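Participant: structure here, sequence nowhere to be found:
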C-alpha cells in the first residue's frame with residue numbers, strides 16, 4: 001500500500017580478473033565469481049574492488065547476477081503489494097471528473113510512464129553502482145541529490161500514512177454505528193477525529209515503538225487481499241444499487257466541494273460521461289501518480305530477485321503494473337458507474353449514503369481498517385530511519401530519541417488528518433509533488449547524470465531529458481492548479497459564511 005521497505009545495502013560487486021574476454025558479470029559471495037560463459041574464477045580482494053567496473057566497459061552489455069532468494073512470482077506479488085494502496089479509493093472520483101475515455105487515456109499514460117521510470121531506475125542502478133535510491137542521488141548530485149531523494153520518499157510515505165489514517169477517520173465511525181441500535185446518534189465515540197487519536201495511541205504507537213517490524217510480511221499480504229476483496233465488492237454492488245439513486249442520496253453534493261450540476265436521483269445522471277472538464281479535473285493526474293508510485297521499493301526488490309538481471313526485473317515490473325492496471329480500472333469504472341457524479345473522494349465512504357447497514361460492506365470496511373492500521377507503523381519505519389540518520393547517524397541506538405521521533409511523527413500526521421478537510425487534498429498534493437519527483441524527475445535526472453556510456457545526443461538520453469521536462473510540467477502545473485483551487489474554495493467558503 002505504497003509502502004517503502006526498510007533500506008538495505010547491497011554487497012560490493014567485484015570486477016573480473018583481466019582476460020581476453022570482456023563478457024563477464026560477477027557477484028561477490030566471498031568465494032567465487034560467475035562470468036556469463038559459465039566459467040569460474042577465484043575471487044580477488046573484495047575491499048579493493050568497486051561495485052561495478054567503471055572503466056573500459058567496451059560495447060558489451062553488463063548484467064549482474066546474485067544469490068537473491070525471491071522468485072519471479074513472489075517478486076511480482078511483493079511489487080504489486082507495494083503499488084496497491086489507498087490511492088485506489090480515489091480513482092472513481094478521478095474518473096467522475098475526467099470522464100471514462102479521458103480517465104482511461106490518463107491511466108494508460110501514467111502506467112507506461114511509471115514503467116519507463118522503472119527502466120531508467122534499473123539501468124541507473126547498474127551503471128551507478130548502488131541499490132539504494134538515496135545513494136544514487138548522492139552519486140549523481142552529491143548532498144542535494146541525496147536530500148531530494150530522501151525528502152521525496154519521506155513526503156510520499158508521510159502522505160501514505162495520512163491517507164491510511166483518513167480511512168480510519170472515515171470508516172471506523174460507520175463500522176461502530178453499524179452495531180448501534182440508533183445509528184444516527186452522534187456520540188463522541190462515533191466522531192472520526194476522536195477515533196483517529198484513540199487508534200493512534202492504543203494501537204499504532206505501541207507497534208511503531210518496536211525496534212523491528214517482524215509482522216511486515218503478514219501485513220503486506222493481508223493488505224493486498226483486502227484491496228482485492230474491495231474491488232470484488234465494488235463490482236458486485238454495481239448490480240445491486242439502483243440508478244437513479246434513492247431519494248435520500250440527494251444529500252450528497254457532487255464532488256463534495258462544488259455545487260451539484262445534476263440531481264443525483266435524475267435519470268440523466270445514469271448516463272456515463274466520456275469527457276469531463278471541471279475545477280476538480282486537475283486532481284486526476286496527481287491521484288493516478290499517487291496510486292502508481294512504488295519506486296523506492298523497486299531497488300530493494302531488484303536486489304532480492306533470484307537470478308537477478310535488469311531484463312528479469314523489468315519483466316517483474318511489467319506483470320505487476322499490468323495486474324494493478326486492471327484492478328485500478330475495474331475499481332474506478334464500477335465505482336463511477338454506481339454513483340456517477342455523486343461519487344466522493346474516498347469511494348468506500350460513498351456506500352454509507354446508500355446502506356445504513358450491510359454485512360458485506362461491514363466486512364470490507366473492517367478488513368480495510370485492520371490492514372491500514374497495521375500498515376501505518378510499517379510506513380512510519382523508513383521515515384523514522386531517515387530522521388534518525390539526520391539527527392544522530394554517528395550515534396548508537398537511543399530509546400529516548402527513538403520514542404521522541406516516533407511520537408513527533410504521529411502527532412504531525414494526526415494534526416494533518418484532523419484539520420485537512422478531505423483525503424482528496426492529500427492525494428492531490430502528494431501526487432503532484434513527491435510522487436511526481438519519484439516517478440518522473442529523479443529517475444530521469446539520475447539516468448542523465450550517471451549513465452556515462454550514452455551521449456546526450458543518443459535516443460536514450462534525449463528520451464530521459466524529455467521525460468524530465470514532462471515531470472517538471474506535471475509537478476508545477478498540477479501544484480499551481482491545485483493551489484488555485486484551494487484559494488477559490490477558501491474564498492467561496494468565506495463569502496458564503498459572510499453572506500449568512
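Facilitator: Nice, I can see it. Bear in mind the structure is a predicted one, so any value in this text is a computation, not a measurement.
Participant: low-confidence ranges, the stretch 401-500 of the chain, go.
Facilitator: 493-500 (pLDDT under 70).
Participant: sketch out the low-pLDDT regions of the stretch 151-300 of the chain for me.
Facilitator: The model of the stretch 151-300 of the chain has pLDDT under 70 over residues 181-185, 213-220, 246-268.
Participant: can you do 50?
Facilitator: For the stretch 151-300 of the chain, the stretches with pLDDT under 50 are 250-265.
Participant: can you give me the helices in it?
Facilitator: 192-199, 205-208, 216-238, 284-292, 295-304 (DSSP state H, counting those that start in this stretch).
Participant: which strands and helices sit next to the fourth one?
Facilitator: It refers to helix 284-292. Packing partners of helix 284-292 (3 or more C-beta pairs under 8 Å, 6 or more residues apart in numbering; DSSP states H and E): helix 91-96, helix 100-128, helix 310-339, helix 423-432, helix 434-436, helix 459-499. Every residue, glycine included, has its C-beta placed from N, CA and C.
Participant: now with 6 Å?
Facilitator: Applying 3 or more C-beta pairs under 6 Å, 6 or more residues apart in numbering; DSSP states H and E, one finds that helix 284-292 makes contact with helix 100-128, helix 423-432, helix 434-436.
Participant: outside of it, which residues touch it?
Facilitator: Applying C-beta atoms under 6 Å, 6 or more residues apart in numbering, the external contacts of helix 284-292 come out as 87, 90, 94, 98, 106, 110, 114, 427-428, 430-432, 435-436, 439, 478.
Participant: list the buried residues in stretch 475-488.
Facilitator: Neighbour-count burial for stretch 475-488 flags 475, 478-479, 481-482, 485 (criterion: 16 or more other C-beta atoms under 10 Å).
Participant: ok, of these, which one's closest to residue 225?
Facilitator: Here the nearest of those to residue 225, counting by C-beta to C-beta, is residue 478; it sits at 32.1 Å.
Participant: how about that closest one, what does it touch?
Facilitator: 285-286, 432.
Participant: sorry, back to before: from the contacts of helix 284-292, list the buried ones, please.
Facilitator: The neighbour count (16+ other C-beta under 10 Å) marks 87, 90, 94, 98, 106, 110, 114, 427-428, 430-432, 435-436, 439, 478 as buried among those.
Participant: sorry, back to before: reformat the contacts of residue 478 as CSV; add distance to residue 409.
Facilitator: Formatted as CSV, the contacts of residue 478 follow (distance: C-beta to C-beta, whole Å):
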residue, distance to residue 409
285, 28
286, 23
432, 22
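Participant: and of these, the nearest to residue 118?
Facilitator: residue 285 (18.7 Å).
Participant: excluding chain neighbours, what is closest to residue 449?
Facilitator: Nearest-residue entry for residue 449: residue 140, 4.1 Å, with adjacent residues in sequence omitted and distances by C-beta to C-beta, 6 or more residues apart in numbering.
Participant: what's the closest non-adjacent residue to residue 471?
Facilitator: In space, and not counting its chain neighbours, residue 471 is closest to residue 440: 2.6 Å by C-beta to C-beta, 6+ apart.
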